[in-house]
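>>> Provide a 3D model corresponding to the input given below.
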Amino acid sequence: MVFRTIRWRLALGLVGIALVVSGCSSAGVLVTSSPEFTKTVPSSPSSTAEAFTASLPPLPTETIFPTPTPQAIVVTALKGNVFIRRGPDLAYNAVSVLMDGQSAKAFARDVLAKWLQITIPGHPEKSGWISIQTHFVSVSGEVMNLPEITPTDWPTLASLRNCTYHQMEVDPGGIVIPAVDNFPENDVQINPGIYTIYDTDVDGSPEVMEVEIKEGSAVDIRDDADGEHRKCRYRSE
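Numbering: from 1, shown residues only. This next block holds a predicted model:
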């Protein structure tokens, strides 16, 4: 009887302990005796962002090189004056002159890079073309870097006709014009410019006239060095 009483009391005690443990567990209290348990404190948002940023690889940096300044193309007249023409050919009228030692900046070229378009010195609002095929000019800079321009306004041809019976020579250029009885060879095309005409059929080839030729003009030589004055009756077509 005494043994049963003791066993009953022991059973009641174990039930009580179980109820206490169960209540603590349901209240959210974790009971553990594991020495390996470590409480983890959640990280703050800012520390998480810093850690993520620190883990990113560095962004590539762009190297910026300075844009080189285009070299100016400069034309200079040497050992004489050079005509500036309204187009890239000797057949165009002269519009100005680049004086000996004078320089001008070029800003365009023709398709063959034999003529450069320049600003007329003293007249920055005007431009013209100068030939670089002559030893009377020097050019600094790379011509091929200039933009290419093709003219659309073509020159009007000019002519010079010999109406005398003497052979004439035209300078500069050394152009020989036969006498009138060698028609049509006595009528030649000539570029605009200022020319001096000499009578080569008279000793010493004396000068008979000086003439300015312009685009579209047709000029006659009517007097020879002997004083003979003649008029042409026809003109070659």
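
>>> quick one: the strands in this protein?
73-77, 82-85, 94-98, 103-109, 115-120, 123-131, 137-140, 158-162, 168-171, 175-177, 187-190, 193-199, 207-213, 218-221 (DSSP state E).

>>> Now the first one: buried residues?
Same thing as strand 73-77. For strand 73-77, burial by neighbour count (16 or more other Cβ atoms under 10 Å) applies to 73, 75-77. Where C-beta positions appear, they are placed from N, C-alpha and C, glycine not excepted.

>>> And those, which is closest to residue 196?
Nearest to residue 196 among the buried residues of strand 73-77 is residue 77, at 21.8 Å by Cβ to Cβ.

>>> surely that closest one meets residue 136?
Yes - with contact defined as Cβ atoms under 8 Å, residue 77 reaches residue 136; the gap is 6.4 Å.

>>> what residues go with each domain of the protein?
Following the assignment in automatic domain parsing, the chain carries domains at 73-145, 158-221.

>>> could you dump the ones you listed to a markdown table with mean pLDDT?
Below are the domains of the chain laid out as a markdown table (pLDDT from 0 to 100):
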| stretch | mean pLDDT |
| --- | --- |
| domain 73-145 | 95 |
| domain 158-221 | 96 |
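
>>> Can I get these in JSON lines including distance to residue 151?
Converted to JSON lines, the domains of the chain look like this (distance: least, Cβ to Cβ, whole Å):
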{"stretch": "domain 73-145", "distance to residue 151": "5"}
{"stretch": "domain 158-221", "distance to residue 151": "13"}
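
>>> With respect to residue 232, which of these lies nearest?
Going by Cβ to Cβ, the one of those nearest residue 232 is domain 158-221, 4.0 Å.

>>> for that closest one, how far is the first residue from the last?
14 Å (Cα to Cα, to the nearest Å).

>>> What are the contacting residues of stretch 72-85?
With contacts defined as Cβ atoms under 8 Å, 6 or more residues apart in numbering, stretch 72-85 is touched by 92-107, 116, 118, 120, 128-132, 134-143, 145-146, 192-193.

>>> follow-up on the earlier one: please identify the deepest-packed of the strands of the chain.
Of all the strands of the chain, strand 82-85 has the most neighbours on average by mean count of other Cβ atoms under 10 Å, namely a mean of 23.
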